[in-house]
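>>> With the input below, show me the fold.
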Amino acid sequence: MEPSDELIPTRTTLLERLKDWRDASSWQEFFDTYWKLIYGVAIKSGLKDVEAQDVVQETMISVTKHIPGFKYDRNLGSFKLWLLNMTRWRISDQFRKRDSLALPILPDDTSLGTQWLEKFIDPASANLEQLWNDEWEKNLLNAALTRVKRNLEPEKYQIFDFYVNKEWPIRAEKSLRTV
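The predicted structure follows:
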């Protein structure tokens with residue numbers, strides 16, 4: 001995917017502020033923006049809750065270590081792809097840890113064949129990139145909705161929510177005014 005194809009590119013100002021590890025508000029904003037994305041991709045890749053939480057934590061630690069040397073240049077690649085690679089490596093690490101702890105117990109029923117393997121996504125596959133792109137778009141929408149909600153009066157956001165998110169017809173909103 002070309003960098004210009006990103007729905008909403010990550011703000012370069014936030015990336016620059018992250019180079020100061022003491023900037024707690026920027027790091028909180030970064031965490032709040034991306035942890036659900038990383039966690040969701042890890043879960044959908046076949047990891048368990050605790051493993052996915054480890055992926056979030058280890059990805060965030062990795063970002064803190066590498067962000068000072070990160071040079072944002074859209075011609076070289078997007079932040080989205082850079083973060084995907086950070087996450088992909090942490091997901092792979094979790095699968096390696098899992099494999100080193102114990103081999104899975106296969107069911108006696110051989111009619112399952114390799115179906116139990118097929119539910120896991122290979123972190124190196126193109127499927128992970130598609131999953132990442134899908135989750136990225138959902139995450140951006142949720143982040144945008146959160147910002148809109150903070151900046152609107154509650155009643156106006158509720159009307160927006162009814163029309164846009166819940167797809168209520170106009171008459172449903174009119175009946176709310178009479179309540």
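
>>> Report pLDDT for Arg171.
According to the prediction, Arg171 has pLDDT 66.

>>> can you point me to the longest helix in the protein?
Longest helix in the chain by number of residues, with DSSP state H as the criterion: helix 126-151.

>>> Show me the helices in the protein, by range?
Using DSSP H, the helices found in the chain span residues 12-17, 24-44, 49-66, 79-101, 115-118, 126-151, 154-160, 170-178.

>>> Those helices: which one's closest to Tyr72?
Distances from Tyr72 to each of the helices of the chain were compared using C-beta to C-beta; the minimum, 5.5 Å, belongs to helix 12-17. The way it works is simple: take the backbone N, C-alpha and C, and place the C-beta from them, glycine included.

>>> before we move on, back to that, can you put the helices of the chain in CSV and add distance to Asp73 and mean neighbour count?
CSV is the format used below for the helices of the chain (distance: least, C-beta to C-beta, whole Å; neighbours: other C-beta atoms under 10 Å):
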stretch, distance to Asp73, mean neighbour count
helix 12-17, 10, 14
helix 24-44, 19, 18
helix 49-66, 15, 16
helix 79-101, 10, 17
helix 115-118, 38, 10
helix 126-151, 20, 15
helix 154-160, 37, 13
helix 170-178, 47, 9
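
>>> among the ones you listed, which gets the worst mean confidence?
The stretch with the lowest average pLDDT out of the helices of the chain is helix 115-118, scoring a mean of 46.

>>> Can you tell me the centre-most residue of this protein?
Leu37 (1.1 Å; C-alpha atoms, centre = their mean).

>>> pretty sure that residue contacts Asn133?
No: applying C-beta atoms under 8 Å as the test, Leu37 and Asn133 come out as separate, 10.7 Å apart.

>>> Any chance of the backbone angles for Arg22?
Here is the backbone geometry of Arg22 (degrees, to the nearest 10): phi -90, psi -10.

>>> how close does it get to Met60?
For Arg22, the distance to Met60 equals 16 Å [C-beta to C-beta, to the nearest Å].

>>> swap in Leu14?
Here Leu14 is placed at a distance of 14 Å from Met60 (C-beta to C-beta).

>>> ok, now Glu153?
Taken as C-beta to C-beta, the span from Glu153 to Met60 is 34 Å.

>>> Also Leu47?
When distances are taken as C-beta to C-beta, Leu47 and Met60 turn out to be 16 Å apart.

>>> cool, and Ser45?
17 Å.

>>> Kindly report the same for Pro169.
Pro169 is 43 Å from Met60, by C-beta to C-beta.

>>> ditto for Lys97
Computed with C-beta to C-beta, the distance linking Lys97 and Met60 is 18 Å.

>>> And for Asp93?
14 Å.

>>> Then Trp132?
Distance, Trp132 to Met60, using C-beta to C-beta: 16 Å.
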